[in-house]
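Peer 1: Sequence below, structure please.
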Amino acid sequence: MKLIDAEKKLIAKIGEKRVAELRRYSQKCLSSPEQEAFKRKLDHDDKKLTWIWFRLKRIRYTNDRSQQQSASVDRRAN
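Peer 2: Here you go, the predicted structure:
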């Protein structure tokens, strides 16, 4: 999958320490003022990686919902 490959490349490029900081930021573990200050310091790669994480999270959520709905329909059919 293209997004996963791009995620791996960016993680290798950015480094573990920065990735950990970005995870805290993307999971909204920072206070509101910290979020704003951190956001102002994001560079292109930071923004791209957080965007990829958002897309992957959304894809996983959509797939999970689809599977749940399929299972629900299958149970009703039996």
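Peer 1: Centre-most residue in the protein?
Peer 2: When CA atoms, centre = their mean is applied to the chain, the residue found nearest the centroid is residue 53 (2.0 Å).
Peer 1: What about the nearest residue to that one once chain neighbours are set aside, how many residues nearby?
Peer 2: Leaving aside its chain neighbours, residue 53 sits nearest to residue 26 (5.5 Å; criterion: CB to CB, 6 or more residues apart in numbering). (C-beta placed from N, C-alpha, C; glycine too.) The burial count assigned to residue 26 is 16, neighbours taken as other CB atoms under 10 Å.
Peer 1: which helix of the protein spans the most residues?
Peer 2: helix 44-77 (DSSP state H).
Peer 1: Show me what the lowest-mean-pLDDT helix or strand in the chain is packed against.
Peer 2: One helix or strand of the chain scores below all others by mean pLDDT, DSSP states H and E: helix 44-77, with a mean of 88. Here helix 44-77 touches helix 2-14, helix 16-26, going by 3 or more CB pairs under 8 Å, 6 or more residues apart in numbering; DSSP states H and E.
Peer 1: For it, buried residues please.
Peer 2: 46, 49-50, 52-53 (16 or more other CB atoms under 10 Å).
Peer 1: Dump those residues to CSV, plus distance to residue 39.
Peer 2: As requested, the buried residues of helix 44-77 are exported to CSV (distance: CB to CB, whole Å):
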residue, distance to residue 39
46, 9
49, 14
50, 10
52, 17
53, 15
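Peer 1: now, which of those residues sits nearest residue 6?
Peer 2: residue 52 (5.8 Å; CB to CB).
Peer 1: Skip the chain neighbours and tell me the closest residue to the closest one.
Peer 2: residue 7 (4.9 Å).
Peer 1: do residue 38 as well
Peer 2: Closest to residue 38 by CB to CB, 6+ apart is residue 25, at 5.1 Å.
Peer 1: And residue 21, by the same measure?
Peer 2: Here the residue nearest residue 21, using CB to CB, 6+ apart, is residue 38, at 7.5 Å.
Peer 1: wait, isn't that neighbour in contact with residue 30?
Peer 2: Yes: at 6.2 Å, residue 38 and residue 30 qualify as touching, with contact defined as CB atoms under 8 Å.
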